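Peer 1: I would like the atomic coordinates for the input below:
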Amino acid sequence: MEVIYQYAWLIPVLPLLGAMLVGLGLISINQVTNRLRQLNAVVIISLMGASMVLSSALLWSQIQGHAPYLQTLEWAAAGNFHLTMGYTIDHLTALMLVIVTTVAVLVMIYTDGYMAHDPGYVRFYAYLSLFGSSMLGLVVSPNLVQVYIFWELVGMCSYLLVGFWYDRKAAADACQKAFVTNRVGDFGLLLGILGLFWATGSFDFMVMGDRLSNLVETGSISNFLAIVLAILVFLGPVAKSAQFPLHVWLPDAMEGPTPISALIHAATMVAAGVFLIARMYPVFENVPAAMNVIAYTGAFTAFLGATIAITQNDIKKGLAYSTISQLGYMVMAMGVGAYSAGLFHLMTHAYFKAMLFLGSGSVIHGMEAVVGHDPVLAQDMRLMGGLRKYMPVTGFTFLIGCLAIAGIPPFAGFWSKDEILGAAFAANPFLWFIGWLTAGITAFYMFRMYFSTFEGKFRGNDEKIKVKLKNAAAALAQRSDTAELTPNFGPGAMKKGELSSHSHDSHSHEPHESPWTMSLPLVVLAVPSMLIGLVGTPYANYFEQFIFPPSETLAEVMEKAAEFDPHEFYVMAGSSVAVSVVGITLAVLMYLARKIDPSAIASKIQPLYDLSLNKWYFDDIYHRVFVLGLRRVARQVMEVDFRVVDGAVNLTGFFTLVSGEGLKYLETGRVQFYALIVFGAVLGLVIVFGVT
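Peer 2: As a prediction, the model looks like this:
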């Protein structure tokens, strides 16, 4: 087994090698590389598959009790300063490696069907492989500096993938928004890293935590400074994991192809933030005020995302706000000290959210056969309905995902979410109430999404709805320059020419099931979405016995597990299931049985409806304050630069020119003229001093 650990560095390197080979092919022999489309895909998938096999072997070894493994080398040294790089394999790393590689492999297989006719097929695979490599490098990093390097690489890859269709304005704007928003959080993270190194003299996670705690206890640094440093570090996860107030980039990231939406929202970029909180837990747990900030930020984000998702009609945007909400649960869990519960939800969420996003891509692919390559129509749930009849595999797996995220037992989301709610209740009943209420809202909007998409009558051929949606989009375009109304050839698996060829055949009036390369990953992901939660049941919590805070020992974890109270579990679980059932029932009455008119309710609570529909106006506020505000500041700075800075430079030049012109008449080179000047000067001095 020791040999496996010695070659663990291959896990991030193999996908990097695949990205490099394909990238070099695109640069040097572009046409040949693009012609060998599926060969490139096989190479990329195989290398990621090899990383998955190696990761699985490491996880099994760690489960069997192998000690954590650390391999480092000195990267830089100056005096007493020594910076090492390398890789570490422990319980947390092994788990994250398996999550990232399994989801990445399934997404890559799915991509072959979804991007089949996209001209950027090979380039997309290269980006996917680089993205996976960056996330894997982040996971195995043994210190904070190396984490930061891969952290930025993950951000760069998200920029490339969200803006993959860079010729579309909406995609170009979205990737810039994601990049800039993440830079805000990353700047805070960088300041936190430097501050912690200044205070503790180390980049090692455990050493930083222990030394910071000792420094605060001895009074060497103030408790306030420790809080500031911890919160600065937390700003990194706030941006990466889309927590309030830096959550605004994640819904816009839906402009990228659906496979990357699934990868970002499930196992890579947003998971990086929660993973960093777990890695920095030795620092955070010794700063109670920072833990409170983390907990309340997560709770508010969970509620915020859920309330916005209620009114979203774009199927991918609805899932995006769902991700924000679920990430809030994970962050809240970390803040209340439920370390293992937060990571447990990270694992279960990775599988069922990947399945939901890939399912939405399958729906969009099927809808494009009817409405063409127009995201205004292909992604709007108001134009769907009844798709289960045409797309049974997609419909069945999507239903499993909805049950899992709604917290219905025995699906995966129930066990992880219930553990978080139980820990929140023990720490702070108010946080529990927010999480409990959010669970009911989650069940409602997810089944609203399912019923609107897969049940009832298919509305894709209703010209009245199409015209209405087009008019609404046109009105939005007049108010904002971010909308794009022209058909976008890219969001699915057909190429430009296919739109006209499909528009006249018999299949143009009804959608169809996706190819096996898209259906197979959905079926595979359905298995962990149903069963993986069973490893973390409160009766026998194997997950917590494997993943627990660095400050605890296995004996302490086992002692806590022995204190399990079945009565308390039934009360807490019953309340969370009850509120989820209420949410599902409301969705049934509104969107399946049609006993309640949602529009009538919306008209009665119009301000609240508008608040949700307009995403709590955060985008509008940020646009006015930061975008337009900074433009005004930039104009004022430009005026200062033009009038003051340039004015001073120009004035200096003017004086130089005038003095030069004047000296030209004095410096004649004639001795008689110089003698006359000397005589005049002496005469002037005599007159002045004589008068005095």
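Peer 1: Sort out which residues of the helix or strand encompassing residue 341 are buried, please.
Peer 2: Following DSSP states H and E, the helix or strand that holds residue 341 is helix 339-371. By neighbour count, with 16 or more other C-beta atoms under 10 Å as the criterion, the buried positions of helix 339-371 are 339-371. C-beta coordinates here come from the backbone N, C-alpha and C atoms, glycine included.
Peer 1: Based on its surroundings, how many neighbours for the closest residue to residue 441 other than its chain neighbours?
Peer 2: Spatial nearest neighbour of residue 441, excluding adjacent residues (C-beta to C-beta, 6 or more residues apart in numbering): residue 306 at 4.1 Å. Counted with other C-beta atoms under 10 Å, the burial measure for residue 306 works out to 29 neighbours.
Peer 1: tell me the pLDDT at residue 306?
Peer 2: Here, the pLDDT recorded for residue 306 equals 93.
Peer 1: how near is it to residue 191?
Peer 2: When C-beta to C-beta, to the nearest Å is the yardstick, residue 306 and residue 191 sit 32 Å from each other.
Peer 1: in a helix, that's where residue 74 is, yeah?
Peer 2: No - assigned with DSSP: H, G, I helix; E, B strand; the rest coil, residue 74 falls outside any helix and is strand.
Peer 1: Touching, it and residue 86? I think so.
Peer 2: No - using C-beta atoms under 8 Å, residue 74 and residue 86 do not qualify as a contacting pair, with a distance of 9.6 Å.
Peer 1: Compare these two and say which is more crowded by neighbours.
Peer 2: Regarding residue 74 and residue 86, a neighbour count based on other C-beta under 10 Å identifies residue 86 as having more, with 16 against 10.
Peer 1: Assumed that one was part of a strand.
Peer 2: Yes - the assignment for residue 86, made by three-state DSSP, places it in a strand.
Peer 1: The spatially closest residue to it that is not a sequence neighbour: what's it in contact with?
Peer 2: The spatially closest residue to residue 86, leaving aside those adjacent along the chain, is residue 72, at 3.4 Å (C-beta to C-beta, 6+ apart). Applying C-beta atoms under 8 Å, 6 or more residues apart in numbering, we find residue 72 in contact with 84-86, 142.
Peer 1: Equivalent analysis for residue 152, please.
Peer 2: Counting by C-beta under 8 Å, 6+ apart, residue 152 makes contact with residue 186.
Peer 1: Spatially central, which residue of this structure would that be?
Peer 2: Taking C-alpha atoms, centre = their mean as the criterion, residue 270 is the residue nearest the geometric centre of the chain, at 3.6 Å.
Peer 1: Would you map the helices across the stretch 251-400 of the chain?
Peer 2: Under the criterion DSSP state H, counting those that start in this stretch, the stretch 251-400 of the chain carries helices at the ranges 258-266, 269-279, 281-284, 288-309, 315-335, 339-371, 375-378, 387-390, 392-406.
Peer 1: In CSV, list the C-alpha atoms belonging to the first one.
Peer 2: The C-alpha atoms that make up helix 258-266 are tabulated as CSV, following Å, rounded to 0.1, in the frame of the first residue of the first chain:
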residue,chain,number,x,y,z
THR,A,258,-24.3,22.5,-18.8
PRO,A,259,-21.5,19.9,-18.1
ILE,A,260,-19.3,22.7,-16.6
SER,A,261,-22.3,23.9,-14.6
ALA,A,262,-22.6,20.4,-13.1
LEU,A,263,-18.9,20.2,-12.4
ILE,A,264,-18.7,23.7,-10.8
HIS,A,265,-21.8,23.3,-8.7
ALA,A,266,-21.1,19.7,-7.6
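Peer 1: going forward can the numbers begin at 28, since that is how I track them
Peer 2: Taking 28 as the first residue, the last one we looked at is helix 285-293.
Peer 1: Need the mean per-residue confidence for that helix.
Peer 2: Looking at helix 285-293 alone, the average pLDDT works out to 88.
Peer 1: So which elements touch it?
Peer 2: For helix 285-293, the elements it packs on are helix 118-141, helix 148-167, helix 171-189, helix 342-362, helix 366-398, judged by 3 or more C-beta pairs under 8 Å, 6 or more residues apart in numbering; DSSP states H and E.
Peer 1: List of residues touching that helix?
Peer 2: Judged by C-beta under 8 Å, 6+ apart, the contacts made with helix 285-293 from elsewhere in the structure are 130-131, 134-135, 137-138, 141-142, 151, 154-155, 158-159, 185, 188-189, 191, 277, 280-281, 283, 297, 343, 346-347, 350, 376-378, 380-381, 384-385, 387-388, 391, 518.
Peer 1: now do 7 Å
Peer 2: Defining contact as C-beta atoms under 7 Å, 6 or more residues apart in numbering, one finds that helix 285-293 is touched by 130-131, 134, 137-138, 141, 158, 185, 188, 280-281, 297, 343, 347, 350, 377, 380-381, 384-385, 387-388, 391.
Peer 1: and the angle from it to helix 148-167?
Peer 2: Interaxial angle, helix 285-293 versus helix 148-167 (axes from the mean of the first three to the mean of the last three C-alpha atoms, to 10 degrees): 10 degrees.
Peer 1: what sits against residue 544?
Peer 2: Residues near residue 544 by C-beta under 7 Å, 6+ apart: 136-137, 139-140.
Peer 1: give me the element it is part of.
Peer 2: Under DSSP H and E, the secondary-structure element containing residue 544 is helix 543-558.
Peer 1: model confidence over that helix, on average?
Peer 2: For helix 543-558, the mean confidence score works out to 92.
Peer 1: try stretch 48-62
Peer 2: Across stretch 48-62, the per-residue pLDDT values average to 90.
Peer 1: What lies in contact with it?
Peer 2: Contacts for stretch 48-62 (C-beta under 7 Å, 6+ apart): 67, 70-71, 149-150, 152-153.
Peer 1: Compare those residues and tell me which is most surrounded.
Peer 2: Neighbour counts for the contacts of stretch 48-62 were taken using other C-beta under 10 Å; the highest belongs to residue 71, with 29 neighbours.
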